[in-house]
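[1] sequence plus the predicted model coming up.
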Amino acid sequence: MLDLLVRDGFMVDGSGLPGFITDVAVKDGLIVGIGRFDPDDACEVIDATGRVVSPGFVDPHTHVDPQLWWDSYALPLVLHGVTTVMTGNCAVTFAPCRAEDRDVLARLFYMVEEVPLAALRDGVPWNWESFGEYAAALRPRLGINCAQLVGHCAIRYSAMGPASYEREATNDEIGTMRELLRASLRAGATGFSMAQNKLHVGEGGIPIPSRLAGDAELFALADVLAEENTGLIQSDAGVDIGHRVEWIERVGGPIAARTGRLVLAGNVLAGLSESNDILAALAVHQGRGERIYAQANPARMNVFFTLEGSSILFVADCPSWTKLGELPAEQRLRRLNDPGQRVVLESEIAHSAVLQLDRVVIHRTAEARNHHLDGVALTDYAARLGKGPAGAAIDLALDEGLRTQFVREADERVDADTARQLTSPQALIGSSDAGAHVTTLSGAANTSIVLSKWVRERHLFSIEQAVSRLTFEPCRVLGFTNRGLLAPGYAADLVVFDADKVGLGPAQTVQDMPGGGERIWHDALGIDHVVVNGSVTVRDGQLTGSLAGDLIGLPATAH
C-alpha cells in the first residue's frame, strides 16, 4: 500500500521542464513513483484535479529560530507552501550557549532581529549548551524541515565572553572558536553565518560581537568548513550596501575560492544603484568557478513601525532616532517632549532618504477616537493640521502613547530592479527575513508573491520557471541533495495549489507570541495542501497537527 497518492494534478516537478498531468505516489516519506496508480492502493488520496502539484518551497533566509520552539510550523510559512527553512542567519543563534550566557544571547537576538524579549525568555526553553544538544532538543518538535546555521556571535561569545563585544580575538581565542565551529558542523550544522553590517548593534548601540572580527578571524573560521568538507557560509556582506562589492572582492570571493564552499553574500536591495554592481562582481567570481550568490527578495518592502518599538527605518540615516530606540519607554517619551530634542528629531526624519515621509501611511491607530485616520497618508493628515509630516507623526504618536502604527510603503519603481534580480543567475530567490522584525515586516508570504505577482500578473516567469527558482535551484545550490524535485527517491515535500488564486491576504496584526507580543501576518490564498516528508501537514488550508519535519544536516529518522 502507498501512504499517499496525489492524483490528476498538473505536476510541475521543479526541473523547469514543462508540467504535465499525472499522479505522485508516496511511501515512507519518499516519492516512489510518477505515473498512473490505482487509488485503492493508497491509504490516503488527494484529488489534485485542476491544481498544480510542485515540490515544497525553500526559504533560505529566515530567523524563525525562536519561533520553532512555540510554533512547530513557523506560521504562516508552511501555509504559504514552505516546507524547508534555513535558520541561524546573520551570525545570531542560540547555540553554542553556556548556561550563564543564555540571557546574553536572548538580548542579542532581541536587539538584532527585533523579536520581543518576553517571547525569547518565555517561549524558548534554553535547556542546552552545545549545538548538538540544541539540535537534538528541537528536532522532535518540527512540523517543517529546518537547516540550521551556527552563528559567529554565539561562537565568539562562547570563546571570549564579554570581551567579544570589545576587541579582536587572540590566536588562542580564534582556535577555540574554530573548535566550537567544528563541533557544531559535526553535530549537524548546515554551515556558518557571519555579520559585519553596521546596523547590527547590541544594547547601548555597541557593535555585535561578529562585527569586531578581523579578516584573519573570518578566514580562519571559514577554513574549518574546507577542512570538514561540509557546510556553507552566509554573510550580510559588509558594513552596508555601499561596501558589498568591496566585501566580495576582499572577503567573500577569496573565501569561496580557498574553501570551495558556497558563500551567500546577503540581500541585494532593489532600487539602489549599487545592486547592478554587486551582481556584476558576483558574475566575475562565478566565472572563475567560485560558488558565491546574492539573495533576491521578490517583495516590495512595506515596513510597519511604531515610535514605541525599535525600527530598522531609523537606524540608517537618523542617528538621534537610533539613540532614542535604545531608551526605555519613559525616557523616550521625555526626549520626544523636550523642545530642544524635538527639533533635532523632527529634522532628521523630515530629511531622511530612508524613511521618506511622503510614502508613510497611518496604518492603525491605537485609540478608538482616532480610528478614522487609519489608512490616511501622513502628508494628507499633516496638511489638514497645517503641520509638517514629521511633527504631525510625532504628535499623533505621543497622543497614543507611541502605539500608533505607521507603514512606509515601498516605491513601485523598484519593481524593474527586483525583476532583474529575481531572474539573475547571480542570485537565489530567498531573502524573506521571516521571523524577524515582527512588528515591522513579514516576509513569510514571499513565495506566494512570486507565484501571484511575478507569474500570474507580471508574467516574469512561467509557472515551471518560478517553481524551479523556489525549489530545485535553492536545493542544488545549498546542497540539499534529496529535495526540491518531484522524482522517485526524493523526499516527499509537496504543495498543491490553485495557480489562478495563489497569493497573500492583506497585512494584519496578530497577537500570538509568548508574552502577548504582536506581529505582522499575511493569510495564504489558493494553497490547498502541503505535504512534509510524506505526511499531510496542511489539508484544505488547515493544519493537521502532523510533526513530520526534520533537521537537514542530521541523519534521517523515522517519524
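    Looks like it arrived, so ask away. Numbering: from 1, shown residues only.
[2] pairing partners for the longest strand seen in the chain, with directions?
    Longest strand of the chain, by residue count under DSSP state E: strand 2-11. When pairs are called by DSSP bridges, strand 2-11 turns out to pair with strand 20-27 (antiparallel), strand 42-47 (parallel), strand 52-55 (parallel).
[3] can I get these in a markdown table including distance to R403, mean neighbour count and mean pLDDT?
    Placement of C-beta: from N, CA and C, glycine included. Output for the strands paired with strand 2-11, formatted as a markdown table (distance: least, Cβ to Cβ, whole Å; neighbours: other Cβ atoms under 10 Å; pLDDT from 0 to 100):
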| stretch | distance to R403 | mean neighbour count | mean pLDDT |
| --- | --- | --- | --- |
| strand 20-27 | 48 | 20 | 98 |
| strand 42-47 | 44 | 17 | 98 |
| strand 52-55 | 41 | 28 | 98 |
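[4] out of those, which gets nearest to E400?
    strand 52-55 (44.4 Å; Cβ to Cβ).
[5] can you give the contact residues for the closest one?
    6, 9-14, 19, 24, 81, 83, 463, 467, 471-472, 483-486, 490, 493-499 (Cβ atoms under 8 Å, 6 or more residues apart in numbering).
[6] same thing but at 7 Å, please
    6, 9-12, 14, 24, 463, 467, 471-472, 484-486, 493-497, 499 (Cβ atoms under 7 Å, 6 or more residues apart in numbering).
[7] ditto for stretch 460-476
    The contact list for stretch 460-476, computed with Cβ under 7 Å, 6+ apart, reads 12, 14-19, 52, 54-55, 57-58, 60, 419, 422-423, 428-430, 447, 450-451, 454-455, 483-485, 499.
[8] and these, which of them are in strands?
    52, 54-55, 57-58, 428-429.
[9] for the residues you listed, which one is nearest R408?
    Distances from R408 to the ones in strands among the contacts of stretch 460-476, taken by Cβ to Cβ, are shortest for I429, at 23.3 Å.
[10] specify the beta-bridge partners of that closest one.
    Bridge pairing for I429 - DSSP bridges - gives A296.
[11] send over the host helix or strand of C153 as CSV, restricted to the C-alpha atoms.
    Element membership of C153 [criterion: DSSP states H and E] is helix 152-160. What follows is helix 152-160, C-alpha atoms only, in CSV (Å, rounded to 0.1, in the frame of the first residue of the first chain):
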residue,chain,number,x,y,z
HIS,A,152,29.5,33.8,14.7
CYS,A,153,28.2,35.8,17.6
ALA,A,154,27.3,32.7,19.6
ILE,A,155,30.7,31.1,18.9
ARG,A,156,32.5,34.3,19.6
TYR,A,157,30.8,34.9,22.9
SER,A,158,31.4,31.3,24.0
ALA,A,159,35.1,31.7,23.3
MET,A,160,35.6,35.3,24.6
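[12] after that helix comes which helix or strand?
    Immediately after helix 152-160, counting by DSSP H and E, sits helix 171-186.
[13] now the angle from that following helix to helix 152-160?
    130 degrees (axes from the mean of the first three to the mean of the last three Cα atoms, to 10 degrees).
[14] past helix 171-186, which element shows up next along the chain?
    Next along the chain from helix 171-186, counting by DSSP H and E, comes strand 191-194.
[15] what angle sits between whichever helix or strand comes after that following strand and helix 152-160?
    Following strand 191-194 in sequence order, the next helix or strand is helix 215-228 (DSSP H and E). Between helix 215-228 and helix 152-160, the angle comes out at 100 degrees (the same axes, to 10 degrees).
[16] for helix 215-228, which helices and strands make contact with it?
    helix 171-186, strand 191-194, helix 253-259 (3 or more Cβ pairs under 7 Å, 6 or more residues apart in numbering; DSSP states H and E).
[17] columns mean neighbour count on top of the ones you listed, output as TSV?
    TSV is the format used below for those (neighbours: other Cβ atoms under 10 Å):
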stretch	mean neighbour count
helix 171-186	18
strand 191-194	28
helix 253-259	20
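[18] next, format these as TSV and append mean pLDDT.
    Rendered in TSV, the data for the helices and strands packed on helix 215-228 read as follows (pLDDT from 0 to 100):
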stretch	mean pLDDT
helix 171-186	98
strand 191-194	97
helix 253-259	97
